[in-house]
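Trainee: A structural model of the following input is requested.
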Amino acid sequence: MLAEGELTVTGRISDASNLTLLATATADLGAVGGPVSVECVYKPVRGERPLWDFPDGTLAARERAAYLVSHAAGWDCVPLTILRPGPYGEGMVQRWITVPDDAEDTVDLLPVDRMVPGWLPVLRAVDMDGSDVVVAHADRPALARLAGFDVVVNNADRKGSHILTSPDGRILGVDHGLCFHTDNKLRTILWGWAGDDLPAEVRDGVGRLRTALDADLGEQLDELLTVTEVTAFRRRLERLLERPVFPRPPTNRTPIPWPPL
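Mentor: So this is what the prediction gives:
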C-alpha cells in the first residue's frame, strides 16, 4: 500500500521544520477485500528547507537509508520508510505510528527532586520559574538499542519528540533526515550511556551491518548517499567493532539538539 497505493494528503504537521504531511495510501484489493488504506507521513523533497551543512534535496534519501540500516541490523527501530512519487513530487513516505495513550514515557523534563528511579540524567537546567530541572531518559534495552542506532547513522537530531512507542510496545525513532554526515554530527538526548559498553544486541547488529555493507545494503546505500558518506559509515562500523563503547559527548560543540524535547 505504501509503495503503490494512491497517496492522498489529509493534513499537515505544522511544527515540523520541513514540509511534513499526513496522508493515506489506498490500494484496491479487488475481490479480495476492496479498498484498504494505511496512514503515513509524506515529506516531499521540494518541501525540504536548505541547510548549511547538508546538501539540498537529500533528506528524504537519508530517511530511507536510515530505515535500511535499522532493518539490516535486525534492530527494526525505524518505521517502514520508502521513496516514491506523491501529489507534490518525489518524497519520503513512512508508515504513521499511533502512540497509545497509556504508553510509558521514555524522555522527560523533571524537577531535580523528583528524578525517576532507574532513569539516567542527561543535563541539568533552570526553568522559567528559576527551579532546577533535569532532562533524563529511561534506562531500557530498547532505548539503548535506538541510541546505538543513532551512533551508527551519526544522527544529528535525536530529540525526545522523535522517539515513539508503538502499539506493540516497540520503541521507534523517526525523523532521520540529518544522518550520515561525514563529520561527527551526533546530537542526541540519549547520552545516558556515554562511556558504557554497547549492549550485545547493538554489537551484533553492528557486525551484521559490516557484513551487509559488502552485499545488498552497500548497493542500496550507494543509490542514496555519496561515496564519502558511505565510506564514513563503513569506518564508523569498523571503529565500533574495534571498540564497542557508546561515545562521550563532544566538548567542542553542542551535543544536544534544539529543542531537546
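Trainee: tell me the spacing between Asp150 and Thr106.
Mentor: 14 Å (CB to CB, to the nearest Å). For the C-beta atoms, the positions are set from N, CA and C on the backbone; glycine is no exception.
Trainee: and the two? Which one has more around it.
Mentor: Neighbours per residue, other CB atoms under 10 Å: of Asp150 and Thr106, the larger number sits with Asp150, 25 against 19.
Trainee: and Val134, how far is that from Gly192?
Mentor: Val134 is 11 Å from Gly192, by CB to CB.
Trainee: what residues are shared contacts of those two?
Mentor: Pro121, Val122 (CB atoms under 8 Å, 6 or more residues apart in numbering).
Trainee: now do the helices in the protein.
Mentor: 59-73, 141-153, 200-212, 216-222, 227-242 (DSSP state H).
Trainee: adding distance to Val9, write those helices out as JSON lines.
Mentor: Shown next, in JSON lines, are the helices of the chain (distance: least, CB to CB, whole Å):
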{"stretch": "helix 59-73", "distance to Val9": "16"}
{"stretch": "helix 141-153", "distance to Val9": "28"}
{"stretch": "helix 200-212", "distance to Val9": "34"}
{"stretch": "helix 216-222", "distance to Val9": "28"}
{"stretch": "helix 227-242", "distance to Val9": "31"}
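Trainee: where does the prediction get shaky in the stretch 151-261 of the chain?
Mentor: Scanning the stretch 151-261 of the chain for pLDDT under 70 picks out no residues.
Trainee: tell me the contacts of Arg46?
Mentor: Leu19, Tyr88, Gly89, Gly91.
Trainee: nearest to Ala144 among those?
Mentor: Gly91 (31.4 Å; CB to CB).
Trainee: beta partners of the closest one?
Mentor: Pro44, Arg84 (DSSP bridges).
Trainee: next up, the contacts around it.
Mentor: Applying CB under 8 Å, 6+ apart, the residues near Gly91 are Tyr42, Lys43, Pro44, Val45, Arg46, Gly47, Ala60, Leu83, Arg84, Pro85.
Trainee: repeat that with 7 Å
Mentor: Taking CB atoms under 7 Å, 6 or more residues apart in numbering as the contact definition, Gly91 lies against Tyr42, Lys43, Pro44, Val45, Ala60.
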